[in-house]
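Engineer: Pasting the sequence and the predicted coordinates here, then a few questions.
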Amino acid sequence: MTRACGAWARRRPETLILGDQLDTDMTLGLRHGLLAVLTLTGEVTPAHLAASAVRPDVVVAHPGSCWRCCGRRGPRWSDDGGPRAGNRVGTAPMPHFATDIRTVPNMLTLGRIGLLAVGVICYFQGYIGTGLVFGALAGVTDYLDGSIARRTGQVTYLGAILDQFSDLMLEATLLLLLVEHPLGPPPWVLLVYLFREFWATTIRRFMAAHGIDIKSSFLGKLKTNFIGWGFVPWFVYVTDFIPVLSLPAHILGMVGLYGGLAIGYASGWQYTRQFVAGYDQLKST
């Protein structure tokens with residue numbers, strides 16, 4: 001692959017490299033001066049892209065978009081040998097905050113933060129049912145922003161950052177509210193949750209700074225769903241919102257929260273194994 005990239009680099013005006021991996025396809029293409037086009041059809045997500053030190057020239061939602069953004073004659077190049085910024089039409093370009101913040105997916109993500117804030121205020125004001133509804137709506141929007149971004153070609157670095165922030169804010173805030181309630185889980189649950197999050201965030205940031213991507217796993221996504229939806233029945237239990245459902249709600253809440261923590265540590269172990277392998281790779285180079 002390295003030899004091929006070196007050969008193709010002699011015909012840069014007509015050549016680009018299309019791939020779905022940051023640490024192989026994109027790294028090789030950028031190293032040899034090719035136009036590096038990343039497609040988001042593989043394991044790379046906007047969150048990985050935002051955290052990675054590898055910066056593709058163009059990001060597209062699917063390979064078909066590459067034809068539109070680069071044209072029939074291949075990418076145009078500026079006089080100094082670099083790709084023109086105009087070639088990035090229809091892609092997720094390098095960040096422009098004022099534009100990215102106004103995209104529909106990012107507005108949805110900001111709305112999730114707002115819904116959470118309103119739900120917490122309602123909860124403390126005694127409007128428990130209203131607070132639960134707003135909290136549930138905040139969780140539902142988590143399924144919409146990413147999907148809309150990929151379908152409409154509005155994948156942005158800012159979206160990845162906001163999505164990570166809102167997920168952690170939602171989980172940590174609701175868990176803190178539960179822990180302080182007399183019928184909630186013991187305080188050590190919050191510490192166990194935060195330890196895993198701090199560790200995963202630290203090693204992923206470190207490896208991203210060295211050009212190595214620690215990919216999200218299915219278990220990591222499953223953890224988020226278990227914990228997120230486990231909050232709903234647990235709040236139904238601690239607030240006695242529906243007395244006849246208090247016992248089954250308590251059971252469902254414990255399954256969601258404790259099961260999510262267990263799954264989270266399993267995914268954390270996967271991330272740690274990737275970290276160790278990547279660290280050894282850094283030591284050998």
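Structural biologist: The structure has been received and is ready for your questions.
Engineer: unless I'm mixing things up, Ile227 is touching Leu261, no?
Structural biologist: Yes - counting by Cβ atoms under 8 Å, Leu261 is a contact partner of Ile227 at 7.2 Å. Just so you know, the C-beta spots here come from the backbone N, C-alpha and C atoms, and that holds for glycine as well.
Engineer: Need the overlap of contacts for these two.
Structural biologist: Common contacts of Ile227 and Leu261, defined by Cβ atoms under 8 Å, 6 or more residues apart in numbering, comprise Tyr193.
Engineer: Which one of these two is surrounded by more residues?
Structural biologist: Ile227 (23 against 20; other Cβ atoms under 10 Å).
Engineer: which residues in the protein form helices?
Structural biologist: Applying DSSP state H to the chain gives helices spanning 2-8, 27-31, 46-51, 64-70, 97-100, 104-124, 128-141, 145-152, 157-179, 188-209, 218-238, 246-284.
Engineer: Quick one: closest of those to Val37.
Structural biologist: Evaluated over the helices of the chain, closeness to Val37 peaks at helix 64-70, with 5.3 Å, by Cβ to Cβ.
Engineer: mind checking pLDDT for Asp79?
Structural biologist: As predicted, Asp79 sits at a pLDDT of 36.
Engineer: no no, Tyr271
Structural biologist: So, for Tyr271, pLDDT stands at 94.
Engineer: Give me the neighbour count for it.
Structural biologist: 22.
Engineer: Could you do Leu175 as well?
Structural biologist: By other Cβ under 10 Å, the residues close to Leu175 number 22.
Engineer: contacting residues around it?
Structural biologist: For Leu175, the contacting residues are Val189, Leu190, Tyr193, Ile227, Phe231, Leu257, by Cβ under 8 Å, 6+ apart.
Engineer: what do you get for Leu257?
Structural biologist: By Cβ under 8 Å, 6+ apart, the contact list for Leu257 reads Leu175, Leu178, Pro185, Val189, Phe226, Ile227, Gly230, Phe231, Trp234.
Engineer: got it, and Gly230?
Structural biologist: By Cβ under 8 Å, 6+ apart, Gly230 lies in contact with Leu252, Gly253, Met254, Val255, Gly256, Leu257, Gly259, Gly260.
Engineer: Go through those residues and name the one nearest Gly278.
Structural biologist: Gly260 (26.1 Å).
Engineer: okay, now that closest one: neighbour count?
Structural biologist: 22.
Engineer: For this structure, which residues score under the pLDDT cut-off?
Structural biologist: Counting by pLDDT under 70, the low-confidence segments of the chain come to 1-14, 47, 62-95, 284-285.
Engineer: can you do 50?
Structural biologist: For the chain, the stretches with pLDDT under 50 are 13, 71-94.
Engineer: gap between the residue lying farthest from the centre of it and Val58?
Structural biologist: Note on the chain: the largest C-alpha distance from the chain mean falls to Val244, namely 37.9 Å (Cα atoms, centre = their mean). As judged by Cβ to Cβ, to the nearest Å, Val244 and Val58 stand 56 Å apart.
Engineer: just to revisit the earlier point, columns distance to Gly220 on top of the contacts of Leu257, output as a markdown table?
Structural biologist: Output for the contacts of Leu257, formatted as a markdown table (distance: Cβ to Cβ, whole Å):
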| residue | distance to Gly220 |
| --- | --- |
| Leu175 | 17 |
| Leu178 | 21 |
| Pro185 | 21 |
| Val189 | 19 |
| Phe226 | 11 |
| Ile227 | 11 |
| Gly230 | 16 |
| Phe231 | 18 |
| Trp234 | 21 |
